[in-house]
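Peer 1: Build the 3D model from these lines:
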Amino acid sequence: MSHGKQFTLFTTSGGAPNGWKVAIVLEELGLVYEPIYLDFYKAEQKGPEHTKYNPNGRIPTLIDHANNDFVVWESNAIISYLIDKYDTEHKISVTKFEEKITQLQWLFFQASGQGPYFGQLGFFLFHTQEKLPSVIERYKNEIIRVFGVLDSVLSKQKWLVGGKCTVADLVFVTYNEAALFMGKSIEYDFDLENNFPAVHKWHTAILSRPAVKNVLAVRDSFATAAN
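Peer 2: Numbering: from 1, shown residues only. Here you go, the predicted model:
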């Protein structure tokens, strides 16, 4: 493997949100990385060239060549590593102990509350031949519930912690995008801007950040090339 750049990021060129949210944090911090795009249709994420680093066989996986080729997997663990080690100016992280715990709380909520429900809806919508209305309804309702949780907080404050955009906010954006995309295939029974106005304003503000724009443009270029 070439070590021409500080980091190697195993990810995918598809729409899977977890790899892109790590790329956003790397971009926000100005860290130089080489992406290796694994082909899910060929199950490359399960192949030995990847599982020798990540036994779980999922993306993303990060190798830090400047730190003795230290390997981290699980997207929010990677993000925690990046801010703890490299966000010395706290551009997208907080400093106070209590705020760090709140930041961690939102990372856990995203990983356990948003990611699985949003991801499962995508699986049952696009990757199964049999459509199961009760399953789709369950995950659709969970998406609505998660947006409701976020809106209840963001209606009182602009950002989730520390009065500024941090990783606590950034980790949600790619899954929010996925939810809005899936909304074109099913009826959500809500409109984000009208039903969750605080979430809509927050999401729009995150999308306006240059690092987010850059990463999502790369993501979208793969989708365009595939069509």
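
Peer 1: Now the spatially most central residue of the chain. Its backbone dihedrals?
Peer 2: Centroid-nearest residue in the chain: Lys21, 3.5 Å away (criterion: Cα atoms, centre = their mean). Note on Lys21: backbone dihedrals following degrees, to the nearest 10 are phi -70, psi -30.

Peer 1: Need the pLDDT of the residue lying closest to it once chain neighbours are set aside.
Peer 2: Here the nearest residue to Lys21 in space, its sequence neighbours aside, is Thr174; by Cβ to Cβ, 6 or more residues apart in numbering that works out to 4.8 Å. For every residue, glycine as well, the C-beta is placed using N, CA and C. pLDDT for Thr174: 94.

Peer 1: give me the element Thr174 is part of.
Peer 2: Thr174 belongs to helix 173-182 when assigned by DSSP states H and E.

Peer 1: Buried residues, the single longest helix found in the chain. List them.
Peer 2: For the chain, the longest helix by residue count, based on DSSP state H, is helix 133-154. Judged by neighbour count (16 or more other Cβ atoms under 10 Å), helix 133-154 contains these buried residues: 135-136, 139-140, 142-144, 146-147, 150-151, 154.

Peer 1: Which single one of these is nearest to Arg58?
Peer 2: If you rank these by distance to Arg58 using Cβ to Cβ, Tyr139 comes first, at 19.3 Å.

Peer 1: Next one: the nearest residue to that closest one once chain neighbours are set aside relative to Ala179, how far apart?
Peer 2: Nearest non-adjacent residue to Tyr139, counting by Cβ to Cβ, 6+ apart: Leu121, 3.8 Å away. When distances are taken as Cβ to Cβ, to the nearest Å, Leu121 and Ala179 turn out to be 8 Å apart.

Peer 1: how does this protein divide up, domain by domain?
Peer 2: Using automatic domain parsing, the domain ranges for the chain come out as 7-91, 97-211.

Peer 1: between these, which one is nearest to Thr224?
Peer 2: Comparing those by their distance to Thr224 (Cβ to Cβ), the top pick is domain 7-91, with 11.4 Å.
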